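Participant: Here's a sequence, model it:
(chains A and B)
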Amino acid sequence: MSSTPVIGVLALQGDVREHLIALAAADAVARPVRRPEELAEVDGLVIPGGESTTISKLAVLFGLMEPLRARVADGMPVYGTCAGLIMLADKILDPRSGQETIGGIDMIVRRNAFGRQNESFEATVEVTGVGPVEGVFIRAPWVESVGAQTEVLAEHGGHIVAVRQGNALATSFHPELTGDHRMHALFVEMVRDAR
Amino acid sequence: MSSTLPTSAQNPETGTARVKRGMAEQLKGGVIMDVVNAEQAKIAEDAGAVAVMALERVPADIRKDGGVARMSDPNMIEEIIEAVSIPVMAKSRIGHFVEAQVLQSLGVDYIDESEVLTPADEVNHSDKWAFTTPFVCGATNLGEALRRIAEGAAMIRSKGEAGTGNVVEAVRHLRQIKNEIAKLRGFDNNELFAAAKELRAPYELVKEVAELGKLPVVLFSAGGVATPADAALMRQLGAEGVFVGSGIFKSGDPAKRAAAIVKATTFYDDPKIIADASRNLGEAMVGINCDTLPEAERYANRGW
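Facilitator: Okay, the predicted model is just below:
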């Protein structure tokens, strides 16, 4: 048996390809996940950037929301970027009507908190345990507040932009767009440890 | 600070190529829908659109009405921005950089320098590097796509033939772009200089495409998509997502058709899901046969 973990990328919509490339570069076997039976076969899951409303609707429509909640509750490692961070939040401050999340991280998030596309930006972010990373923030959310079990890994401009709770990791920014795979390496390590 | 970071990343910086192109990466696998008012925008968002294109008339009506087609009323664009939380795009005329400045000041998330509107300049496109707001542009072939990228476009879409409900031109343009990229892959370094000359595109971009095997920006399909199967076809041909213009709100049941096209775009390679999505959608838009369309009425010929 190979010890290489198999990590899925939720492929309903978003920058799936970039996450698959980053995970492969971080020594995982990466594959897209669109169906419950595909979800059952992975050791960990990345929820990519995209439109959180679209991803949420498609997850419900195609019967993935409950299996996703079950696996996350069961301790499957997950990593969400941008829209993925929103999907992992227990609560959205300003949800669209009917917008559901998977949950898993005790936090409240604000969607598009940093503004519209004209306010999208790049900045260096100091991530605990990783070091300085290039943060690409695109219509990005931030974390309003976290629960006692949630560890804050990074802030930008006084706002929380990276968190971890147990096996769930989330960032407001997009490491998959930078070619720097340290965040993905951290996640692959979490998946290895969980097995 | 790590020495591996470029200095540009030390402080917050807006409007970078990575932020502009990265925005389009977030739209991949999705459907961008033309809407003419806030009510349609909400229908599109509820159906799972990843973005909406705000415009006064859908291309089918621009075709019907004739006359000069221009940027939409700022009030109407702002109403749509207020109505939805997904990104809002809007169109400027080709070369009309002041319309683009206006759209940027309104806070739209993407500007489409579009052949669907009447061109304002028959030689020059807008300098898109001059903007913080990213641009998407249409193309019928690789040379055109690369010229737009050289001018600063952060996303490319096939032109197709908007407002016809006929996918044939979108297929032609997407195949053309993909075939030209595949051909470049087979060229050695000596041949890339001549290829750049032939494509009328910068050598550096031609070389980058030859190495990547794809455009350096996201490639969507547009112009004539009317059914779930049309959307899935474009994705199987290599489009990373689709624009649907007249096809949704010129059909019998827009909400249902919009949701069906979203489903078929995500599961573009699963005929069973496309079949289910295609059931009982009501009437599709009537459509126009492109071979009966006079040259002067072909929007794809606009842009240079």
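Participant: Could you report the pLDDT at residue 103?
Facilitator: Here I'm looking at chain A. Looking at A:Gly103, its pLDDT reads 97.
Participant: hmm, I had chain B in mind actually
Facilitator: With respect to pLDDT, B:Leu103 has a value of 98.
Participant: Can you give me the neighbour number for the residue in the stretch 151-300 of chain B positioned nearest to chain A?
Facilitator: Per Cβ to the nearest Cβ, B:Thr266 is where the stretch 151-300 of chain B lies closest to chain A, at 5.5 Å. The C-beta positions use only the backbone N, C-alpha and C, and glycine is treated the same way. Other residues near B:Thr266 come to 26 when the count uses other Cβ atoms under 10 Å in any protein chain shown.
Participant: OK, contacts around it?
Facilitator: Going by Cβ atoms under 8 Å, 6 or more residues apart in numbering or on different chains, B:Thr266 touches A:12-13, A:34, A:58, A:62, B:29.
Participant: Run through chain A and note the low-pLDDT ranges.
Facilitator: Residue ranges of chain A with pLDDT under 70: A:1-2.
Participant: Ramachandran angles for the residue nearest in space to the middle of chain B?
Facilitator: In chain B, the C-alpha nearest the mean C-alpha coordinate belongs to B:Arg157, at 3.8 Å (Cα atoms, centre = their mean). B:Arg157 adopts backbone torsions of phi -130, psi 150, taken as degrees, to the nearest 10.
Participant: Tell me how far it lies from B:Thr16.
Facilitator: Using Cβ to Cβ, to the nearest Å, we find B:Arg157 at a distance of 22 Å from B:Thr16.
Participant: okay, now residue 140: neighbour count?
Facilitator: Using chain A. With neighbours defined by other Cβ under 10 Å, the count for A:Ala140 comes to 28.
Participant: wait, chain B
Facilitator: Count around B:Thr140 with other Cβ under 10 Å applied: 22.
Participant: Is there any residue in the one helix or strand A:Met87 maps to that contacts chain B?
Facilitator: Secondary structure assignment for A:Met87, by DSSP states H and E: helix A:83-88. Yes. Judged by Cβ under 8 Å from any Cβ of the partner chain, helix A:83-88 comes into contact with chain B at A:Ala83.
Participant: Correct me if wrong: A:Gly103 contacts A:Leu85.
Facilitator: No. Using Cβ atoms under 8 Å as the test, A:Gly103 is too far from A:Leu85 to be in contact (12.0 Å).
Participant: Briefly note if the lengthiest helix in chain B comes near chain A.
Facilitator: Using DSSP state H, we find that the single longest helix of chain B is helix B:168-185. No. For helix B:168-185, no contact with chain A is found by Cβ under 8 Å from any Cβ; the gap never falls below 15.8 Å.
Participant: Output that helix as PDB, restricted to C-alpha atoms.
Facilitator: Output of helix B:168-185 as PDB, limited to C-alpha atoms (Å, rounded to 0.1, in the frame of the first residue of the first chain):
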ATOM      1  CA  VAL B 168     -22.300  26.900 -34.600                       C
ATOM      2  CA  GLU B 169     -20.000  30.000 -34.600                       C
ATOM      3  CA  ALA B 170     -19.000  29.500 -30.900                       C
ATOM      4  CA  VAL B 171     -18.000  25.900 -31.900                       C
ATOM      5  CA  ARG B 172     -16.000  27.200 -34.800                       C
ATOM      6  CA  HIS B 173     -14.100  29.800 -32.800                       C
ATOM      7  CA  LEU B 174     -13.400  27.600 -29.800                       C
ATOM      8  CA  ARG B 175     -12.100  24.800 -32.100                       C
ATOM      9  CA  GLN B 176     -10.000  27.300 -34.000                       C
ATOM     10  CA  ILE B 177      -8.400  28.600 -30.800                       C
ATOM     11  CA  LYS B 178      -7.800  25.100 -29.400                       C
ATOM     12  CA  ASN B 179      -6.400  23.800 -32.800                       C
ATOM     13  CA  GLU B 180      -4.000  26.700 -33.100                       C
ATOM     14  CA  ILE B 181      -2.800  26.100 -29.500                       C
ATOM     15  CA  ALA B 182      -2.200  22.400 -30.300                       C
ATOM     16  CA  LYS B 183      -0.200  23.400 -33.400                       C
ATOM     17  CA  LEU B 184       2.000  25.700 -31.400                       C
ATOM     18  CA  ARG B 185       2.800  22.800 -29.000                       C
END
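Participant: since we're on A:Gly63, how many residues are nearby?
Facilitator: Neighbour count of A:Gly63, defined by other Cβ under 10 Å: 11.
Participant: Would you agree A:Val163 falls within a helix?
Facilitator: No. Counting by DSSP: H, G, I helix; E, B strand; the rest coil, A:Val163 is located in no helix; its state is strand.
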